[in-house]
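Undergrad: need coordinates for the following:
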Amino acid sequence: MAERAHLETGLAFLLTAGLLYLTQRALHRNLQLALHRLARDPDAAIVLYWALLFPGVLLHEISHWIAALLLGIRRYRFVFWPRRMGGRIRLGAVQLEEGDPFRMSLIGAAPLLTGIGVIALVGGAEPSTPSSGLALWASATQALQGLLQREGGGALLYLLFTVGNAMWPSPSDRAAWPAVGIAGGALLGLLLLAGPSSLLPALAEVTVHLLSRLTPLFALLLAVDLPILILLLALNRLLSR
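TA: Predicted coordinates for the structure are as follows:
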């Protein structure tokens, strides 16, 4: 039974994370398109896009800055204004000196870790009872209902929207991840081969516990983003006419 619950939890996380990824990609694309059609000026549309995501962008860049400070990486400049770079829109940046891959990977992951912490604090989408599989979505539904009933719930939903859509590391943030991932994977493999037989079950328990906490948070973001995406699709359809 435990193995089945672990499998269900893993599949629920993959399904939730996959749906969230596809939803947010479509949301950003349709949001930019709608703003471009409404503003009728590419530069104005970029500024509006940046302004809508301002709290999340601010948290993203501050997370980089604080992580670099704590890890002893020199900070050169804090760029907090949108600009177009090729086919991409860059909403902000923190220029740092080059460091070792381990510290740079932690700095790159800082916005994601901070964002998850803020979502957990605001949404509180944590199962009250041990759950597995899609039952983990129930806690996200309860958290969303609780937010809608709270005073200032609209502001909290906006905070979840901006943080959840701006917390993901950019390609430059992820540049050091492959090297650290390969080294970490090799070390983990050696530990599993040379370590005690109880290491693998303990690692599996920790992983399942982590996924069971992340799945409701990602489901909560999905519940916030999906209605906005539907509205944007309808708006773009209307504007195209």
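
Undergrad: all contacts plus neighbour counts: C-alpha atoms, from now on.
TA: Noted.

Undergrad: could you list the buried residues of stretch 112-123?
TA: For stretch 112-123, a neighbour-count test (16 or more other C-alpha atoms under 10 Å) marks 112, 114, 115, 116, 118, 119, 120, 122, 123 as buried.

Undergrad: who touches it?
TA: Residues from elsewhere that reach stretch 112-123 (C-alpha atoms under 8 Å, 6 or more residues apart in numbering): 59-60, 63, 126, 143-144, 147, 156, 160, 163-164, 167-169, 217, 220.

Undergrad: what's the farthest-apart pair in those residues?
TA: 147 and 169 (26.8 Å; C-alpha to C-alpha).

Undergrad: the more surrounded of the two?
TA: Ranked by neighbour count (other C-alpha atoms under 10 Å), residue 147 and residue 169 place residue 147 first, with 19 against 16.

Undergrad: quick one: the more buried one from residue 163, how far?
TA: Distance, residue 147 to residue 163, by C-alpha to C-alpha, to the nearest Å: 16 Å.

Undergrad: kindly report the same for residue 227.
TA: For residue 227 relative to residue 163 (C-alpha to C-alpha), the value is 17 Å.

Undergrad: among the two, which residue is more densely surrounded?
TA: For residue 227 and residue 163, the more surrounded residue by other C-alpha under 10 Å is residue 163, and the numbers stand at 27 against 12.

Undergrad: now the more buried one, what's its secondary structure?
TA: What DSSP: H, G, I helix; E, B strand; the rest coil gives for residue 163 is helix.

Undergrad: now for it: which residues touch it?
TA: 53, 55, 56, 57, 59, 115, 118, 119.

Undergrad: surely the fifth one touches residue 110?
TA: Yep, that's residue 59 we're talking about. No - in this structure, residue 59 is not within contact of residue 110 by C-alpha atoms under 8 Å, at 9.9 Å.

Undergrad: ok, these two, which is more surrounded?
TA: A direct count of neighbours by other C-alpha under 10 Å for residue 59 and residue 110 places residue 110 higher, at 26 against 21.

Undergrad: now name the helix or strand holding the more buried one.
TA: helix 101-123 (DSSP states H and E).
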